[in-house]
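**Student:** Next one to model:
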Amino acid sequence: MTIQDDRGAAALARAHGLFNIAGGLWPLLHLPSFEKVFGAKTDRWLERTVAGLLVGIGWTQIRVASTPGGADHARRLGMATAATLLAVDLVYVPTGRIRPTYLLDAAAEAMWLRAWRARAVRPEPPSTRAGSAFAAAAALAAGCVTGGVLAARLLRRRRAEPDESELTRARYLRHPAAR
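**Tutor:** Okay, here's the model as predicted:
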């Protein structure tokens, strides 16, 4: 896949970079407002680590945006980051480990993935479209199977050990001394 319009890709890289920097700086600069929206955390070191990584990723996206080949690099970095954050949001909100407000982040990350995908797609010759349709169908099927397996495991765990998830959640929120 190659980027069609380097100026548009550079602008998208800068926008996504600014989004990642803002998302990383928020908990670093004003933790009380961040936790008011996304919930109290006991592992502050982990929260700061993720925030620092987001700032670094965003800064890299902005810096490489206008260099030769930089838009492709920013796209790969942006898509990997967005996909990872989206997966975390979609796995841990249903389990109750993180607040449902993380679904707002999930929507934003999905939009970044969509924007990068739309920016990167080059029209294919008609002879390869059938192969692409097959690959897309296979990826969709694999995603559905993965989602089904994760959901089945979650339901099985909840039925087998109904008190464990409540205990874990309570332990996670009850230790303010760990801050």
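**Student:** Quick one: low-confidence residue ranges for the protein.
**Tutor:** Applying pLDDT under 70 to the chain flags residues 1-5, 120-155, 158-179.
**Student:** Please list the residues outside stretch 28-35 that contact it.
**Tutor:** Residues outside stretch 28-35 that contact it (Cβ atoms under 8 Å, 6 or more residues apart in numbering): 26, 27, 41, 47, 48, 51, 52, 55. Quick note: C-beta positions are derived from backbone N, CA and C, even for glycine.
**Student:** biggest separation within these, which pair?
**Tutor:** Farthest-apart pair in the contacts of stretch 28-35 is 41 and 55; separation 17.5 Å (Cβ to Cβ).
**Student:** about what we covered before: sort out for me which of the contacts of stretch 28-35 are in helices.
**Tutor:** 26, 27, 47, 48, 51, 52, 55 (DSSP state H).
**Student:** Can you tell me which of those residues are buried?
**Tutor:** 26, 27, 47, 51, 55 (16 or more other Cβ atoms under 10 Å).
**Student:** Skipping its backbone neighbours, what lies nearest the second one in space?
**Tutor:** It stands for residue 27. Distance criterion Cβ to Cβ, 6 or more residues apart in numbering; nearest residue to residue 27, sequence neighbours excluded, is residue 34 at 4.2 Å.
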